[in-house]
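J.: this one's structure only:
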C-alpha cells in the first residue's frame, strides 16, 4: 500500500557552520507572502542569484534592495532563470500562476525547472506536473511545514516529491531555507503528507483553544493551565507559542487562519477520496469556519480561539 | 472570573539531589492501579511509612515486601494513619471508597487527613470534601497528570486544591511522587483543571491517530510522517511515544483508554454545566466509544487508532 | 437482545366518541409545567378527581377553578390519592420530588401508586422505582412524547413501563391525556425509548435549522425551501411547524430548548453506557449548548436556529 | 440577501386527469440511471418523442422497445433534438458529458436547448451554462428531489433555474416526470437549493440510523421505536420507508448511498464557500464515509445503518 517513498533527510550545513555553497544556477521566486518572503531573504543571504515576482509588485522592493532582480511576469522569470520556485496561497492560485496569461507555462522550455512550494491537493499538483513535463520542463513539489518565523529563520521543514535530480539541484536552496528536507517519491506524495501534517496541526490548535476557553468559563487560570501543560509530556513549542498568543490576545499571523482552514478542507477531501473518516478534522473545520465568519481569516490560526468565545 | 487560584509550583528536590526528608506522619494509600503502584513505590523509596489497601488484596504483596504495612479496610487505614491518599478509577469508585461499608468515612475523626488523587468531576470531589470535613477531617484533592511510566519515575504533575495546610503537610510525599505540584485554591478547581488537561490530551491523541491512519490509507509512510512531525514545532514526548505505540502496534497501557474516555465524558459534562461547546472533545469521545466497542478499553489510549482502521 | 417488551397500544376512545369513563380512583398530579398543565386539564375535563401540587403554588389556581383540589406537599398528595402522577423537568428534580423533605416517599404506603411521567435516564427511574416499591408502593414510568400543544389537545404519545396492573389502572387517565400509549415492559425501558425518540427529534431539529440558515446565507428563500420540503417525502407536521417558527421568528416554547438539550445529553450518556457512538447527537448537543449560551434555554427548541446565525 | 427567486409551482395535470398534452419538440435524454430511467419512461408514456443515450448502451434497449430512438453520442442527440435533458452522477460526470469528446457541446448550435438534471454544485452548473450559452444554446438546470420510486411514479419535485422560456417549453416534460416544479431564478440557485434539501435528508437519515441502532444495543425493539415515531409529529413517508428498509435489512437502492454522501460533501463545500458552519452535515458525512468504506456505496442511503453496527 505504501509507495516506498524514499525519505531523505538532508543535513543542514547552515545549522552547523552558518554557511553553504550556493548553487550558481539562476533562481526565480514567485510569491512573496508570509512564507515566500523569509525564503527569498535566506536565499539571498546565502549568496543565491534570485529574480522575484509578486502579484502586487511593491512587495518586491525590499528584496531588490537586498540584491534580487525584478521579474515582470511569471513567464519572464521562468524563461530567464534555471530553477523557479513558487509559493502561493491555494490550488486556484497555484493553477492560475502556471496556466494563466503570462504564466509559468509560457516560460517553460526543455530543461527549465519549476518547484511549487504551495500547499495544495495532490490532484492539483499532479496536473501542474503533467503540463510542465509535457513542455519538457522538470517539476518538483516542495510544500513546507512551518510558519513565518521559521521561514525567516531558515528553519522550515521541506517535503519534496517528483524529479529526484531537481531535488538534488535544489540542495543549496533547501539548505538556505530549511532545517531539513524529505524526498517522498512521486508527485502528489508531498501534497498528501503536507495536508496530513497540517490537519494534525490545525485540529490540535482547535483543541488547545477549546481547552483554554473551557478553563476560562469554569473559572480556572489559563496561565496556570499552560504552566501545567508545559510541565507534561504534551509540552511543545507549538503548544507554548499558540497558548501565549491567546493569553496575550495577540493574533498577528504566523500562519494565516484562512490557510489552515483551507488545509483542513483539503485534508478532509483527501480522506473523502479514500472513504476514510476524519471526524476530528471535520469538527475542527467547522470551528475554523465559524472563526472565518467572525473575520479572523487574516489573523493567526490561534485566533480560532475567538470562535469559542463568541 | 478567575478564582484567584494560587498556583504554587513546588521545586522537586529529588530531581536535584536524589533525596528528600520524608515526613514522619503515617501515610495510608488506597488503590494500587497503574498510577497508585508507582506512587507507593516512590513513597517507600523515599523513606515514608506507608500502609496500603487495595480492592484485590494480592496487589499489596509486592509493596509489603518493599516495607509497606497491610490495611484490611479503607476505614482501618484511615484510622491508623495520619494522611491517607487514594487513587481510584472514576467518580463512582471514589464515592464508594469513602461512603461504602468499611469506607474511608468510618475512619475519619477530627484531624484525620484524606487526599483524593482520583480524576473525577468537581461535584463528586466537592461532595466528598463536605462529608470528610463535616466529620472533622481535612481534605485535599490532588489528581495527577501523567501515566504509568511517569508514576514509576516519580515525575507526575500534581494538581492540588482544598486544605492549604494539608497541601504543605504532603510536601515530602508530593516530592517523592512528582516532578512538580500546583496548589489551585478551593476544592473542585483541581478536578476541573485535570479534566481540561486530559481533554486536551485525549483529543490530541485522537487527532494523532487520525493523521497516522490517513497517511496509511493514502499510501504514505507512517514512520516518515512521524519523522516530519518530530522535526516541527509540534514535536513532544507525548506525540513521539504515542506514534511509536501505533507504529509498533504496542498498546500496553500507560494510560487506560477507558479512563481517557471517562475523562472526556466528564470534561464534556463540565462544558455542558456552563453551556460551553466542546466540539473537538465531543468528536473525540465518539471515536473512543468506538474503540471501547472494539474491546480496547484496557489498552493504552493510543489504541484509539484501532477505531480508525476497523 | 431485546427485552421482549410488550408494546400495547391502547385505542383512544376519546378520539372516537369524545368521552371516556373516568376511573373513580383519586388522582394526584405533581408538576404543572408546559406538559403537566395540559394533562391535568384533560384529566379534569374527562371527569377525574384530581389533587394538584406545584413547586410555585400560584400555578395551581387555574386548575382549582376547574375543579381540582389543592395539595400542600407531594407527601400529602400521595397519601390522600390512589394514583399520583408527576411530571417534572429532569433527573435531579424527579429525585428531589421523591426523596426530598415532604416528598413523595413520605406519603407512600402499601398500595399507593406513583407514575413518573418525567423524561429522565433509566438509572434515575430505576432507583426511584426501587425506593417506592421497597415501601410497598407500586411504580410506573410513563414519559410522554409530544409538546405543549399536543398536551393541551390530549394527543400525547405515552411510553409506559413497570407495574403492568398499574398501567391498566391508568387506562382512563392515559385516554384523557393521550392519543395512544405503549407498555414497554420493565422499568427503564420507557426512559430509554423516550430518550431515543427525543434524540432523533432534537438532532433533526438541528439539521432543519442548519438547512434553513444555509439557505439564507447562500441567498435562497427559506420559504421556498420549506415549500420544497413539504412537497417531498420528508414532509411532516414537525418539519412544517418548526420551519414556520423559524420563518416567523416565533420561538414561544412548545418544547423548551433546555429540555431537548438535556434529553440529548442523557441519550448520549445512554450510548456511552453501552459504548455506542452517537456522532449526530453529539454534534447536535454542541449546537444546543451554543444556543443555551445565547440565552435560548427557555425558548422553543426551534430557537437552536439562533446558534447558527450568531 | 435573497435573490428574489421566483418560485413557480406548476400544477401537475397528470395527477388530475392522468394525461397531458406532450410538446411536439424532439426530446433527447442522456443518462439512464436510477432517476433517468423512470423519467424517460414517463416522458414516453405521456407521448413525447425521445432519443436516448447512455454510457453503457445496453440500458437503452428497454426504452427503444418502449418507443425511444437511440442516439449514438451526446453530440448527436443534442444536434438532432430540440431539448436535451441529462441526468448523471456528479460534477465530474456532468462536465465530461458536456465537454468531453463527442460531448454535448459538439452538438450545441444557436437555439439548441440543454437541461441538466444532475445534482451538482453551483460552480459546475454555472460553468456549463456559460459554455452552452456562449455557443448560442439555451440552458436550464433542473435537479430533482426524490428517488427511484418517485421517478417511476412521475412524482419527482423539480427545482429549475436559468432560462425562463426554456423552463416553460419543458412544461409537458416536467408534468410527465414530476409532481411539481419550482422555478428559482438564475443558474446556480437550483443547485444550491437541491444540495440543501439533500443535506437535510442525508443528515436526517443518519440520525434515524443512529436512533435505531441505539434502540437495538440498549435492548429496545426497533419496530416499537418506529411505531412510536409514526404516532408522533415526526411521522413522514421518508422516516417510515427508511426504517422499514433497516428493519427488513433491505438496502436495494432507491437513492444510492454514494450519491447522498456526494451531496453532503457538496453541501458542506457550499457552506464552506460562505464560511457557514454545518456541524450536523459534517458529522453525517463522516458516518457515510464509514459506510462507503464498508462497501455500502451502491446500496440505498439507509445502509448508512451499517456504519453504526460495524
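T.: Structure's in. What do you need? Remember, predicted model here, so these are calculated numbers, not experimental data.

J.: what parts of chain A come near chain C?
T.: A:279, A:283, A:310 (Cβ under 8 Å from any Cβ of the partner chain). Placement of C-beta: from N, CA and C, glycine included.

J.: who's sitting farthest from the centroid in chain A?
T.: Residue farthest from the centre of chain A, counting by Cα atoms, centre = their mean, is residue A:219 at 37.4 Å.

J.: that residue belongs to a strand?
T.: No. Per DSSP: H, G, I helix; E, B strand; the rest coil, residue A:219 lies outside any strand segment and is coil.

J.: quick one, phi psi at it?
T.: Taking degrees, to the nearest 10, you get phi 80, psi 20 for the backbone angles of residue A:219.

J.: and for the one 4 residues further on?
T.: Main-chain torsions, residue A:223, degrees, to the nearest 10: phi -60, psi -40.

J.: returning to that earlier point: so the residue farthest from the centre of chain A versus residue B:195, what's the distance?
T.: 13 Å (Cβ to Cβ, to the nearest Å).

J.: work out for me the element residue A:42 sits within.
T.: helix A:34-45 (DSSP states H and E).

J.: check the offset of that helix from the chain's centre.
T.: In this view, helix A:34-45 has its centroid 13 Å away from the chain centroid, taken as Cα atoms, centre = their mean, to the nearest Å.

J.: likewise for stretch A:152-160?
T.: Distance, stretch centre to chain centre, for stretch A:152-160: 9 Å (Cα atoms, centre = their mean).

J.: buried residues, it. List them.
T.: A:152, A:154-160 (16 or more other Cβ atoms under 10 Å in any protein chain shown).

J.: now those in TSV, with secondary structure and pLDDT?
T.: Below are those laid out as TSV (DSSP: H, G, I helix; E, B strand; the rest coil; pLDDT from 0 to 100):
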residue	secondary structure	pLDDT
A:152	helix	95
A:154	coil	94
A:155	coil	94
A:156	strand	95
A:157	strand	96
A:158	strand	97
A:159	strand	97
A:160	strand	97
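
J.: which of those residues lies closest to chain D?
T.: Chain D has its nearest neighbour among these in residue A:159, at 24.9 Å by Cβ to the nearest Cβ.

J.: now that closest one. Nearest residue, chain neighbours left out?
T.: residue A:190 (4.2 Å; Cβ to Cβ, 6 or more residues apart in numbering or on different chains).

J.: thought residue A:145 was touching the one you found, still the case?
T.: No. Here residue A:190 does not reach residue A:145: they are 10.4 Å apart, not a contact under Cβ atoms under 8 Å.

J.: the more surrounded of these two?
T.: Neighbour totals were compared for residue A:190 and residue A:145, and residue A:190 leads with 30 against 24 (other Cβ atoms under 10 Å in any protein chain shown).

J.: could you list every residue that touches the nearest residue to residue A:54 once chain neighbours are set aside?
T.: Using Cβ to Cβ, 6+ apart and skipping residues adjacent in sequence, the residue nearest residue A:54 is residue A:32, 4.3 Å away. Neighbouring residues of residue A:32 by Cβ atoms under 8 Å, 6 or more residues apart in numbering or on different chains: A:40, A:52, A:54, A:59-60, A:63.

J.: pLDDT, secondary structure and distance to residue D:238 added to the residues you listed, as JSON lines?
T.: JSON lines is the format used below for the contacts of residue A:32 (pLDDT from 0 to 100; DSSP: H, G, I helix; E, B strand; the rest coil; distance: Cβ to Cβ, whole Å):
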{"residue": "A:40", "pLDDT": "97", "secondary structure": "helix", "distance to residue D:238": "58"}
{"residue": "A:52", "pLDDT": "98", "secondary structure": "strand", "distance to residue D:238": "58"}
{"residue": "A:54", "pLDDT": "97", "secondary structure": "coil", "distance to residue D:238": "53"}
{"residue": "A:59", "pLDDT": "95", "secondary structure": "helix", "distance to residue D:238": "55"}
{"residue": "A:60", "pLDDT": "96", "secondary structure": "helix", "distance to residue D:238": "59"}
{"residue": "A:63", "pLDDT": "97", "secondary structure": "helix", "distance to residue D:238": "61"}
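
J.: of those, which is the nearest to residue A:232?
T.: Nearest to residue A:232 among the contacts of residue A:32, counting by Cβ to Cβ, is residue A:40 at 38.6 Å.

J.: neighbours of whichever residue of the stretch 101-250 of chain A sits closest to chain C, just the number please.
T.: Closest approach between the stretch 101-250 of chain A and chain C, counting by Cβ to the nearest Cβ: residue A:217, at 8.9 Å. Each residue near residue A:217 was counted by other Cβ under 10 Å, and the total is 17.

J.: same question, residue A:248
T.: Using other Cβ under 10 Å, residue A:248 has 9 neighbouring residues.

J.: since that was my last question, I'll sign off now.
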